[in-house]
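Novice: following is a predicted model, sequence given first.
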Amino acid sequence: MVVKIGSSSITDADGRLSVQKLERIVGQVSAIQKSGIQMVLVSSGAVAAGLGKLGWRRSSITMPEKQAAASVGQGLLMHTYEQLFHSRDIAIGQVLLTRSDIEDRSRFVHIRNTLMTLMRHGIIPIVNENDTVAVDEIRFGDNDTLASLVALVTEAEELVLLTDIDGLYTGNPATDPAAMRIADVFEITRELEGWAFGAGSSVGTGGMRTKIAAAKVAVAGGCDVVVAAASEENVLARIVAEKHESVGTRFHARPIHVSLRKAWLMHGSRSEGQVSIDAGAVEALTKNTASLLLPGVVGVMGDFREGATVDLVGPEGEMVARGIVSFAAKDLHLLLARQQNGEKLHDLQEVVHRNDMALQAKTI
Ligand SMILES: Nc1ncnc2c1ncn2[C@@H]1O[C@H](COP(=O)(O)OP(=O)(O)O)[C@@H](O)[C@H]1O
Ligand SMILES: N[C@@H](CCC(=O)OP(=O)(O)O)C(=O)O
């Protein structure tokens, strides 16, 4: 089980790290770990803890100051976790990641090996974004997205996003008193996405929007996602014990889910270009799970190498799939030109083999 805890749930009103709140989470996580379910904690709070300790105001800080605050706060956070878990005889390991660590296939594999090794030894990994080195282009920015990728990497059965509200509402509860909580979600529809707004507190990042985006990634990989209130009494035990009780909002995993490699392709890898395909190819890819052949290709964008990750887009510019391309962009341009000149290119291998392709899950 991967549990993600948001900044607002481990800090006090004055923005300082709340040992009492952390203690409650650590107590619950430890109890579940001891019951035999391997836990992974994704903990936000480095920036908030650092700002609290330094007495800096969030509203007026620069990015380097925020990163400096994170370096102070991350130490504080781990020091507190270490003490709290140690008193329960549980060892922890710190794992700090950036987006580029996940995008790179070999680093992704190393991350998985490290996490799996920690878990095999009964150590609880505590994951956060490496805020001190993450610049905008390589930032997750919010730990909801990071947590969903950690859930995929560790092949978790359940991802729990603990926050300052008891689930997804049909509108922003801060401004809409008629908004109602949704208990179960089986399909992430556009209507549902329209209900989600940004962060409710000054310390939170992303609000419900990033939680839904995270849920999309995890459910596609076969992992249930629960959004629940960190302050609710014994919330984790209730989620574990009574899978069908209405605690927060449960996003149910898709029954047929993709392999870890394809999940990484779709959600972890970074696209280096675009290949436009025609309607016939869209149908062949989505209905018959075929490979992409040259006759279905109508355009190429970007200057990618053979073996790069590219987005396959349909006639309306819609994202259809992401895959590893067998030709460099310049070779694809040459082949397209030869094809347009009437040359028959029968013996060509696939442009993207179906084993190297992850289809985009449809939003209804
Ligand atoms: N449809 C919605 N349902 C519930 N909460 C929502 C919704 N839209 C926006 N929010 C806001 O999302 C906030 C939780 O996200 P966030 O502040 O980022 O917390 P965290 O620090 O735990 O990640 C809630 O406090 C709420 O104000
Ligand atoms: N990596 C940042 C967390 C950013 C973030 O996602 O915050 P939150 O929305 O509170 O989970 C930190 O430790 O401060």
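Specialist: Arrived safely, thanks for sending. Keep in mind the model is a prediction, meaning the values are calculated, not measured. Ligands and ions are numbered 1, 2, ... in the order given.
Novice: burial count for Gly194?
Specialist: By the criterion of other C-beta atoms under 10 Å, Gly194 has 10 neighbours. In short, each C-beta sits where N, CA and C put it, glycine included.
Novice: then Gly122?
Specialist: By other C-beta under 10 Å, 12 other residues sit near Gly122.
Novice: quick one: it and Ala91 touch, right?
Specialist: Yes: contact criterion C-beta atoms under 8 Å: Gly122 and Ala91 qualify, at 7.3 Å.
Novice: hmm, the helix or strand harbouring Asp144 touching ligand 2?
Specialist: Following DSSP states H and E, the helix or strand that holds Asp144 is helix 143-153. Yes: judged by C-beta under 6 Å from any ligand atom, helix 143-153 and ligand 2 are in contact via Asn143.
Novice: so after that helix, what's the next helix or strand?
Specialist: Sequence-wise, the next helix or strand downstream of helix 143-153 (DSSP H and E) is strand 158-163.
Novice: parallel or antiparallel, list what pairs with that next one.
Specialist: Taking DSSP bridges as the criterion, strand 158-163 forms sheet pairs with strand 2-5 (parallel), strand 224-229 (parallel).
Novice: now the longest one: how far from the chain's centre is it?
Specialist: For strand 224-229, the separation from the chain centroid amounts to 14 Å (computed by C-alpha atoms, centre = their mean, to the nearest Å).
Novice: with only the CA atoms kept, save it in CSV.
Specialist: C-alpha atoms of strand 224-229 as CSV (Å, rounded to 0.1, in the frame of the first residue of the first chain):
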residue,chain,number,x,y,z
ASP,A,224,-7.3,1.2,-6.4
VAL,A,225,-7.0,4.8,-5.2
VAL,A,226,-8.7,6.2,-2.1
VAL,A,227,-8.8,9.9,-1.3
ALA,A,228,-9.5,10.4,2.4
ALA,A,229,-9.1,12.8,5.3
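Novice: hmm, who's touching that strand?
Specialist: With contacts defined as C-beta atoms under 8 Å, 6 or more residues apart in numbering, strand 224-229 is touched by 148, 151, 157-168, 208, 211, 214-215, 218-219, 235, 239, 247-253.
Novice: of those residues, which ones also sit close to ligand 1?
Specialist: By C-beta under 6 Å from any ligand atom, the members of the contacts of strand 224-229 lying near ligand 1 are Thr163, Asp164, Ile165, Leu168, Met208.
Novice: quick one: contacts for the third one?
Specialist: Same thing as Ile165. Shown in contact with Ile165 (C-beta under 8 Å, 6+ apart): Pro173, Gly200, Met208, Val227, Ala229.
Novice: what residues are bridge-paired with the fourth one?
Specialist: When bridges are taken as DSSP bridges, the partners of Val227 come out as Leu161, Thr249.
Novice: list the buried residues of the least confident helix or strand in the chain by mean pLDDT.
Specialist: Taking mean pLDDT, DSSP states H and E as the measure, the chain has helix 260-263 as its least confident helix or strand, at a mean of 81. Buried residues in helix 260-263, counted by 16 or more other C-beta atoms under 10 Å: Leu260, Lys262, Ala263.
Novice: is the first one in contact with Thr154, as I believe?
Specialist: No: if you go by C-beta under 8 Å, Leu260 and Thr154 don't touch, sitting 9.7 Å apart.
Novice: for the longest helix along the chain, the distance to its chain's centre please.
Specialist: Using DSSP state H, we find that the single longest helix of the chain is helix 63-86. Put simply, helix 63-86 sits 22 Å off its chain's centre (C-alpha atoms, centre = their mean).
Novice: can you report how many residues neighbour Ile277?
Specialist: Neighbour count of Ile277, defined by other C-beta under 10 Å: 25.
Novice: and for it, nearest residue in space, chain neighbours not counted?
Specialist: Gly296 (4.9 Å; C-beta to C-beta, 6 or more residues apart in numbering).
Novice: also Arg57?
Specialist: Arg57 sits nearest to Leu51 (C-beta to C-beta, 6+ apart), 7.5 Å away.
Novice: try Ala220
Specialist: Once flanking residues are discounted, Ala220 sits nearest to Ala361: 4.9 Å by C-beta to C-beta, 6+ apart.
Novice: ok, now which ones touch that neighbour?
Specialist: Shown in contact with Ala361 (C-beta under 8 Å, 6+ apart): Lys216, Ala220, Arg254.
Novice: who wins for most neighbours among those?
Specialist: Ranked by the number of neighbours (other C-beta under 10 Å), the contacts of Ala361 place Ala220 first, at 24 neighbours.
Novice: quick one, what contacts Phe215?
Specialist: No Phe there; residue 215 is Ala. Ser148, Leu159, Val185, Ile188, Val225, Val227, Phe251.
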